[in-house]
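Participant: No letters, just coordinates:
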């Protein structure tokens, strides 16, 4: 009689752990520390708080238990990641940082996530696809309940990142439907925009993993509904204006007809549609970007340090009290890393990842709305991890072509 162990592959524990990592990458369970460097005018700022996430512990356990940590740290990670990134990108940024603890925390997360990606095997692709689909379904179910009842579910979901949100609570992202105020879907994320961005990035990863067509269609439907529930304009522009026409429609006539419908529908929704809502944050976004330009002028060479720009707000604009990063990831990146960091990352992308300007622009086009209109691909651990996963699979695809 066959034993259960006979049916278990030696890779099964690693696959299960990789599956857990990708599932919990959509959560924000973590422990925050609040040193003085995380305070601005005595107020706690989440972005400046050093945090240990459950995702971090899973990745560290995976790297040690699988035996990949020692092997890849000496070979692949050193030649592809650690050496150029540390010497020309992260180390100078940390040395000149205006908030070294915040910069160190961001840099360690960046290195940890990248080391994990270096260790992934192609045999894990099936597990990654399945878990991403499961995560999309889980987030959609949770989001539907949140929007339906107008508040978070609570209970155990609080410990995986669901915020305590409700219609009427201060500082909550609200939308509208047919003239009624509704709660925008949060899922297990800190903001509806992050939920929508994660969903779109997950769909793009599934596209790169060459997921079976019927599963890809299912993922597209799930992502589309999540974007609608979150009412994220950047994510809507990404999926409806870029991904669907350029990834799913190959016929030029069909694509032209689609754009006609898309533009007509967009004009209606922005003017008279059921999801119409005033954007009170436009002036705040302009102010934040203006602050970034001021920071860049004051720290042009090495920047403020990763994740440290908010620490400079009292010096740059003492009267300003909105402790958020710039919502343009390009200017935010420059304010963090300065001219030196920008040149270092361009050199790294060109030399080690074999990207040229044209194919990099082509690959980044689907997420360009996130880059131009939000900051979570840099500031949120969920956004950073998922963005790095997407770029990693692009890198593998590029290397296979070269």
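Facilitator: Cool, got the structure. Worth saying up front: this structure is predicted, and the values here are computed from it rather than measured.
Participant: Could you use CA atoms for every contact and neighbour count after this?
Facilitator: Noted.
Participant: Run through who's touching the helix or strand residue 93 falls within.
Facilitator: Using DSSP states H and E, the element containing residue 93 is helix 91-95. Here helix 91-95 makes contact (C-alpha atoms under 8 Å, 6 or more residues apart in numbering) with 85, 100, 103, 104, 302, 303, 304, 305, 306, 337, 341.
Participant: just stretch 13-29 next, same as before
Facilitator: Contacts of stretch 13-29 (C-alpha under 8 Å, 6+ apart): 53-55, 58-59, 62, 66, 124, 127-128, 131-132, 135, 159-161, 188-189, 198, 381-382, 385-386.
Participant: Just the buried ones among the residues you listed, please.
Facilitator: Buried members of those, scored by 16 or more other C-alpha atoms under 10 Å, are 53-55, 58-59, 62, 124, 127-128, 131-132, 135, 160-161, 188-189, 198, 381-382, 385-386.
Participant: Now do residue 213: how many residues are near it, please.
Facilitator: 10 (other C-alpha atoms under 10 Å).
Participant: For it, report the pLDDT, please.
Facilitator: We have a pLDDT of 87 for residue 213.
Participant: Same question for residue 158.
Facilitator: Reported pLDDT for residue 158: 85.
Participant: Backbone dihedrals for the residue lying closest to it once chain neighbours are set aside, both of them.
Facilitator: Nearest residue to residue 158 in three dimensions, chain neighbours excluded: residue 164, at 7.6 Å (C-alpha to C-alpha, 6 or more residues apart in numbering). Main-chain torsions, residue 164, degrees, to the nearest 10: phi -80, psi 90.
Participant: OK, contacts around residue 164?
Facilitator: By C-alpha under 8 Å, 6+ apart, the neighbours of residue 164 are 151, 152, 154, 158.
Participant: Show the pLDDT at the second one.
Facilitator: If you check residue 152, the pLDDT there is 90.
Participant: Neighbours of it, how many?
Facilitator: When neighbours are counted by other C-alpha under 10 Å, residue 152 registers 24.
Participant: Over to the last one?
Facilitator: Burial of residue 158 is recorded as 16 neighbouring residues (other C-alpha under 10 Å).
Participant: Run through the helices of the stretch 301-402 of the chain in chain order.
Facilitator: 313-316, 329-351, 357-364, 368-373, 376-379, 381-401 (DSSP state H, counting those that start in this stretch).
Participant: Likewise for the stretch 1-150 of the chain?
Facilitator: Using DSSP H, counting those that start in this stretch, helices in the stretch 1-150 of the chain cover 12-24, 54-65, 68-74, 76, 83-85, 91-95, 100-119, 125-149.
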